[in-house]
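In: Any chance you can model this:
(one chain, ligands or ions: 1)
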Amino acid sequence: MDKYTVAIIGGGVAGLSCALTLASAKDKGDWAYGRRYIVIDSGASDLLKAKLFNVPGVALGESGKDVLEQIRGQINHYGCVDFVGGEVKGVAGTRGDFSIRLRDDGDIKAEIVVIATGYKSFEIDINGLKVVPHKHTSKPDRVMIETDEYSMAADGIYIAGTLSGVSSMFATAAGSGVQSACSILSTFSGKPTIVHDKV
Ligand SMILES: Cc1cc2nc3c(=O)[nH]c(=O)nc-3n(C[C@H](O)[C@H](O)[C@H](O)COP(=O)(O)OP(=O)(O)OC[C@H]3O[C@@H](n4cnc5c(N)ncnc54)[C@H](O)[C@@H]3O)c2cc1C
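Out: Below you'll find the model as predicted:
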């Protein structure tokens, strides 16, 4: 793939929810047609340790690991998202022309970047982001990145999940990823955009 439309760094619930919403817009208009997305993930989601009893719509006692697998299956239904394992070390460039550097496997090119790497730390080499202490946790040393109302931290760079400052719950992280996706889709279509299907 020469260049992806959006590269999502972090494949936990926020990153996958963002990818699912982006992918689900595939047939919603010319503005969505032919776009390709990629999720880059180092495989350490907090959800892998969770057994879930309070996530709306998820069966009582379901493992976080199984839910992540189910979301990846939903995404694959649309056929426009690639997945790659690996750790991102740096992001360079500007909107339309980002280069995402992996620890082991070279670079990935993308027009837009979503960062959803969780709130435990932020070690990606990238300019212009404001990393501050997380505002909605009692746990020490958690971080977040400040964004505008469209979840954008710099031109073409969106933040999702706990890294965006939401409380560490499945639904808030998922919702944050979906909001980033809607903000991005709105830039494609030129108007506020959501993705709905009808019975
Ligand atoms: C033990 C435990 C139990 C929990 N139980 C519940 C519960 O019952 N109900 C509930 O609602 N919530 C629960 N949670 C909270 C929930 O798991 C988190 O809120 C949610 O996982 C946060 O999603 P996220 O996408 O922001 O981060 P994460 O899910 O942590 O995902 C971040 C992803 O980014 C990847 N990543 C990080 N850095 C890089 C990098 N440089 N390059 C590439 N990838 C990177 C990581 O590998 C990870 O996969 C629990 C959490 C824990 C730890």
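
In: neighbours around the residue in the chain that the ligand sits nearest to, how many?
Out: At 2.1 Å from the ligand, Gly12 is the closest residue in the chain, using Cβ to the nearest ligand atom. For every residue, glycine as well, the C-beta is placed using N, CA and C. A count of nearby residues for Gly12, using other Cβ atoms under 10 Å, gives 29.

In: near the ligand, which residues of the chain?
Out: Residues of the chain found near the ligand (Cβ under 6 Å from any ligand atom) are 9-15, 40-47, 49-50, 52, 54-55, 64, 87-88, 116-118, 124, 161-162, 168-170, 173.

In: mind listing which of those residues are in helices?
Out: 13-15, 64, 170, 173 (DSSP state H).

In: By neighbour count, which of these wins?
Out: Once you tally neighbours by other Cβ under 10 Å, Ala14 ends up highest among these, having 34 neighbours.

In: Not counting sequence-adjacent ones, nearest residue to that one?
Out: Leaving aside its sequence neighbours, Ala14 sits nearest to Gly161 (Cβ to Cβ, 6 or more residues apart in numbering; 2.6 Å).

In: cool, Gly10 as well?
Out: That would be Ala116: by Cβ to Cβ, 6+ apart, it lies 3.7 Å from Gly10.

In: Make sure the one you found is actually in contact with Ile157.
Out: No. The pair Ala116 / Ile157 is not scored as a contact, 11.6 Å apart, by Cβ atoms under 8 Å.

In: Each with direction, which strands does the top strand by length along the chain pair with?
Out: In the chain, taking DSSP state E as the definition, the longest strand is strand 107-115. Within its sheet, strand 107-115 is paired with strand 4-9 (parallel), strand 97-102 (antiparallel), strand 157-159 (parallel), according to DSSP bridges.

In: Format these as JSON lines; extra columns: mean pLDDT.
Out: Output for the strands paired with strand 107-115, formatted as JSON lines (pLDDT from 0 to 100):
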{"stretch": "strand 4-9", "mean pLDDT": "98"}
{"stretch": "strand 97-102", "mean pLDDT": "98"}
{"stretch": "strand 157-159", "mean pLDDT": "98"}
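
In: With mean neighbour count added, can I get these in CSV?
Out: As requested, those are arranged in CSV below (neighbours: other Cβ atoms under 10 Å):
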stretch, mean neighbour count
strand 4-9, 25
strand 97-102, 18
strand 157-159, 26
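
In: Including distance to Asp27, could the ones you listed go into a markdown table?
Out: As requested, the strands paired with strand 107-115 are exported to a markdown table (distance: least, Cβ to Cβ, whole Å):
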| stretch | distance to Asp27 |
| --- | --- |
| strand 4-9 | 15 |
| strand 97-102 | 26 |
| strand 157-159 | 23 |
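
In: Pull the contacting residues for the closest residue in space to Ala154 that isn't next to it in sequence.
Out: In space, and not counting its chain neighbours, Ala154 is closest to Gly128: 4.4 Å by Cβ to Cβ, 6+ apart. Listed by Cβ atoms under 8 Å, 6 or more residues apart in numbering, the contact partners of Gly128 are 153-154, 157.

In: Could you tell me the end-to-end distance of stretch 68-83?
Out: End-to-end distance of stretch 68-83 (Cα to Cα, to the nearest Å): 13 Å.
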